[in-house]
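Enquirer: got a predicted structure here, sequence first:
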Amino acid sequence: MWPDLYGEQCLQAAAEFRRIEPQLMSEDHTGAPQPGDPVEAGRRRDADLYREIAVGGPGIVLQQPQYAEIHRVQYDSFSHSPNVTRDSTTGHRSLFSIIGMDTNTEPRTGSGHRAPTAARALATEAVHAGRDDLAGLGLHAAPIDLSTTYPSYDTRGEAARIDAFAADGALDDGPPVYARLANPTVARFETALARLEGTESAVAFASGMAALTAVLLVRGAAGLRHVVAVRPLYGCSDHLLTAGLLGSEVTWADPAGIADAIRPDTGLVMVESPANPTLAELDLDAVAHACGTVPLLADNTFATPVLQRPVESGARLVLHSATKYLGGHGDVLGGVVACDEEFARQLRQVRFATGGVLHPLAGYLLLRGLATLPVRVRAASANAAELARRLAADPRVERVHYPRIGGAMVAFEVRGDPHAVTAGVRLITPAVSLGSVDTLIQHPASISHRVVDPADRRSSGVSERLLRLSAGLEDVDDLWQDLDRALGPVPSSGASSGVPVGATRPAAARG
């Protein structure tokens, strides 16, 4: 019999360290001793970074459950709500929650392709969204349009279309004038991603950083150059905001300080949950409330719409490095912003002016990747949960970070030399990026977050001993055998690792 892709044994094994035991976040854990369970130690330290109460005013209190059960991933409804000020709700609000994916409502449409009339589950949308017109065209696979320009016999009509786009970013159903304006293959991917995230539209770019750049340029063009952001973020996102390369100014805040950090010229609040690389999680509902009318951008690269859809919590913009889970095979570079149509029009204008377009072949590969996204995320999440369980029981590991919503990412801090671990793997690939079918491991302080100031890295939980692992689809026992060997010998009781944190390896040993 074909095994359950989520892995019943993995679920049962991991459930022992993921029980729900709520505690108010107003309780101060700063001086508390770290528990013996390395998974809990990692979570407790993450929670200490976010332990404030009262986000956005009285009546909203964040809670800090110490554990959360692993739940089978089912399929949620599609919905979209604007990011607006919400009324405070009396009572406690959970900081960490596992969404229930068991109902469907009418899905929103993206641009360029007609939506089906009946609501469909996420697994069905992943396979069919962006392809609903293929049968009528006599096709089974989506075509790839590599044209850079398009015939235009009605130049007056084309002039009117260009004027309309320049005025408000509107695109009609006619053929594109030029590939920098739009591409039919890329539009299929945009439609599909918008349907999975539950938004009206999506706009694809050449990379995730190009997508974030376009968002900042849109807000900057409106005179709203100030950004409020919560660390940790992906290292290059952090760098782009901190360096002010686009003329923006950033205020780094903890979740409870978002409302106080907002100014009249604030154009954006940016968060990432689960965060890269610590996997710290935020209550997106509470964050959206704190934003008021300022757009909330949530980086959903790690979770994907399989595990959460931030627009359902009030985010207006959802960012993906499509290179990761959406593509899923480590062979395509891309980025995308899922959002309402009004904001999408502004993003298209910026994309046309700056040229950060997604190549049609990349659009095709991303559309193909979405078809298997739910299956890949569930299978890789089962591997990650089991690896987290084994790492938590290993004396060579100090802390394990694994998000309550699940997922295929694991972060852990070793007692020995992290560089020896990345140098010692053979099956697992020591490389940046994530979300591929094969397992990857990297040292964030050396690579993905190297551009972040060391003090800022440390304060956001990115220690010198932290490793980030993206679980793939290999057999979990093979993965563990490789990781076990790379971790080195189990130290004798009371023995020191003998490797100072941040130690520099000899030049001959550097990669």
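Expert: Ah, there it is. Numbers count the residues shown, from 1 in each chain.

Enquirer: any idea how far stretch 220-235 is from the middle of the chain?
Expert: A distance of 17 Å separates the centroid of the chain from that of stretch 220-235, by CA atoms, centre = their mean, to the nearest Å.

Enquirer: average model confidence for it?
Expert: Mean per-residue pLDDT for stretch 220-235: 97.

Enquirer: got the buried residues for that stretch?
Expert: For stretch 220-235, burial by neighbour count (16 or more other CB atoms under 10 Å) applies to 220, 224-235. (C-beta placed from N, C-alpha, C; glycine too.)

Enquirer: next, format those as CSV and append secondary structure and distance to Leu181.
Expert: Output for the buried residues of stretch 220-235, formatted as CSV (DSSP: H, G, I helix; E, B strand; the rest coil; distance: CB to CB, whole Å):
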residue, secondary structure, distance to Leu181
Gly220, helix, 22
Leu224, coil, 26
Arg225, coil, 27
His226, strand, 31
Val227, strand, 28
Val228, strand, 33
Ala229, strand, 31
Val230, coil, 35
Arg231, coil, 37
Pro232, coil, 36
Leu233, coil, 31
Tyr234, coil, 29
Gly235, helix, 32
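
Enquirer: out of these, who's nearest Arg195?
Expert: Tyr234 (25.0 Å; CB to CB).

Enquirer: alpha carbons of the helix or strand hosting His419, in CSV - could you do that?
Expert: Secondary structure assigned from DSSP states H and E places His419 in helix 418-424. What follows is helix 418-424, C-alpha atoms only, in CSV (Å, rounded to 0.1, in the frame of the first residue of the first chain):
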residue,chain,number,x,y,z
PRO,A,418,28.9,24.2,12.4
HIS,A,419,31.4,24.5,9.5
ALA,A,420,32.5,20.9,10.1
VAL,A,421,28.9,19.8,9.6
THR,A,422,28.4,21.5,6.3
ALA,A,423,31.8,20.2,5.1
GLY,A,424,30.9,16.7,6.3
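
Enquirer: after it, which helix or strand is next?
Expert: Per DSSP H and E, helix 418-424 leads on to strand 429-430 as the next helix or strand towards the C-terminus.

Enquirer: what's in contact with that next one?
Expert: By CB atoms under 8 Å, 6 or more residues apart in numbering, the residues outside strand 429-430 that reach it are 422-423, 438-442, 511.

Enquirer: so how far is whichever helix or strand comes after it from its chain's centroid?
Expert: Moving toward the C-terminus from strand 429-430, the next helix or strand (DSSP H and E) is strand 440-442. With CA atoms, centre = their mean as the basis, strand 440-442 stands 17 Å off its chain's centre.

Enquirer: tell me the buried residues in the following helix or strand past strand 440-442?
Expert: Next helix or strand after strand 440-442 toward the C-terminus (DSSP H and E): helix 454-459. Neighbour counts using 16+ other CB under 10 Å place Arg457 of helix 454-459 among the buried residues.

Enquirer: chain center to helix 454-459, what's the gap?
Expert: Worked out by CA atoms, centre = their mean, helix 454-459 lies 21 Å from the chain centre.

Enquirer: work out which residue lies at the spatial centre of this structure.
Expert: Thr301 (2.1 Å; CA atoms, centre = their mean).

Enquirer: can you pull the contacts of that one?
Expert: Contacts of Thr301 (CB under 8 Å, 6+ apart): 208, 234, 272, 276, 319-321, 324-325, 435.

Enquirer: let's see 6 Å
Expert: Contacts here follow CB atoms under 6 Å, 6 or more residues apart in numbering; on that basis Thr301 touches 320-321, 324.

Enquirer: from Leu358, how far off is the closest residue to Thr278 other than its chain neighbours?
Expert: Distance criterion CB to CB, 6 or more residues apart in numbering; nearest residue to Thr278, sequence neighbours excluded, is Gly461 at 4.3 Å. Applying CB to CB, to the nearest Å, the value for Gly461 to Leu358 is 33 Å.

Enquirer: so between the two, which is more surrounded?
Expert: Leu358 (27 against 23; other CB atoms under 10 Å).

Enquirer: next up, the contacts around the more buried one.
Expert: Contacts of Leu358 (CB under 6 Å, 6+ apart): 186, 204-206, 334.

Enquirer: nearest to Thr251, of these?
Expert: Closest approach between the contacts of Leu358 and Thr251, by CB to CB: Phe205, at 25.5 Å.

Enquirer: how much space is there between the closest residue to Arg309 other than its chain neighbours and Ser460?
Expert: Nearest residue to Arg309, sequence neighbours excluded (CB to CB, 6+ apart): Gly198, at 4.9 Å. Look at Gly198 and Ser460: by CB to CB, they are 29 Å apart.

Enquirer: count residues in the vicinity of the residue nearest to Ala322 when sequence neighbours are not counted, would you?
Expert: Residue nearest to Ala322 in three dimensions, not counting chain neighbours: Gly334, with 3.8 Å by CB to CB, 6+ apart. A total of 27 residues lie near Gly334 under the criterion other CB under 10 Å.

Enquirer: ok, now the one 3 residues further on?
Expert: In terms of burial, Val337 registers 29 neighbours under the definition other CB under 10 Å.

Enquirer: partner residues bridging it?
Expert: Beta-bridge pairing of Val337 under DSSP bridges involves Val203, Leu319.

Enquirer: what residues are up against it?
Expert: 203, 211, 317, 319, 347.

Enquirer: low-confidence stretches in this protein?
Expert: 1-118, 493-511 (pLDDT under 70).

Enquirer: how about a cut-off of 90?
Expert: In the predicted model, the chain carries pLDDT under 90 at residues 1-119, 157-158, 170-177, 459-460, 491-511.

Enquirer: give the contact list for Ala486.
Expert: Here Ala486 is in contact with 421, 424-425 (CB under 6 Å, 6+ apart).

Enquirer: highest neighbour count among those?
Expert: The contacts of Ala486, ranked by neighbours (other CB under 10 Å): first place Val421, 24 neighbours.

Enquirer: for His140, see how far away that residue is.
Expert: From Val421 across to His140, the span is 45 Å (CB to CB).

Enquirer: could you do Ala379 as well?
Expert: On the measure of CB to CB, Ala379 and His140 end up 25 Å apart.

Enquirer: tell me which of these two has more neighbours.
Expert: Ala379 (21 against 8).

Enquirer: A strand includes the more buried one, no?
Expert: No. Assessed with DSSP: H, G, I helix; E, B strand; the rest coil, Ala379 is helix; it does not lie in a strand.

Enquirer: tell me the spacing between it and Val306.
Expert: Taken as CB to CB, the span from Ala379 to Val306 is 11 Å.

Enquirer: what does stretch 140-150 contact?
Expert: By CB under 6 Å, 6+ apart, stretch 140-150 touches 131, 175-176, 178-179, 184-185, 188, 360, 364, 367.

Enquirer: cutoff 8 Å now
Expert: 130-131, 134, 175-179, 183-185, 188, 360-361, 364, 367-368.

Enquirer: can you flag the buried ones in those residues?
Expert: Buried among these (16+ other CB under 10 Å): 130-131, 134, 176-177, 179, 183-185, 188, 360, 364, 367-368.

Enquirer: state the pair within those that is farthest apart.
Expert: Val177 and Arg368 (27.0 Å).

Enquirer: just the buried ones from the contacts of strand 429-430, in PyMOL syntax?
Expert: Per 16+ other CB under 10 Å, the buried members of these correspond to this PyMOL selection:
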select buried, resi 422+438+439+440+441+442
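
Enquirer: tell me the one among the contacts of strand 429-430 nearest to Val400.
Expert: Ile441 (13.8 Å).

Enquirer: nearest residue to the closest one other than its sequence neighbours?
Expert: Leu469 (4.7 Å).

Enquirer: backbone dihedrals for that neighbour, please?
Expert: phi -120, psi 130 (degrees, to the nearest 10).

Enquirer: does it touch Leu440 like I think?
Expert: Yes. Judged on CB atoms under 8 Å, Leu469 makes contact with Leu440 at a distance of 7.2 Å.
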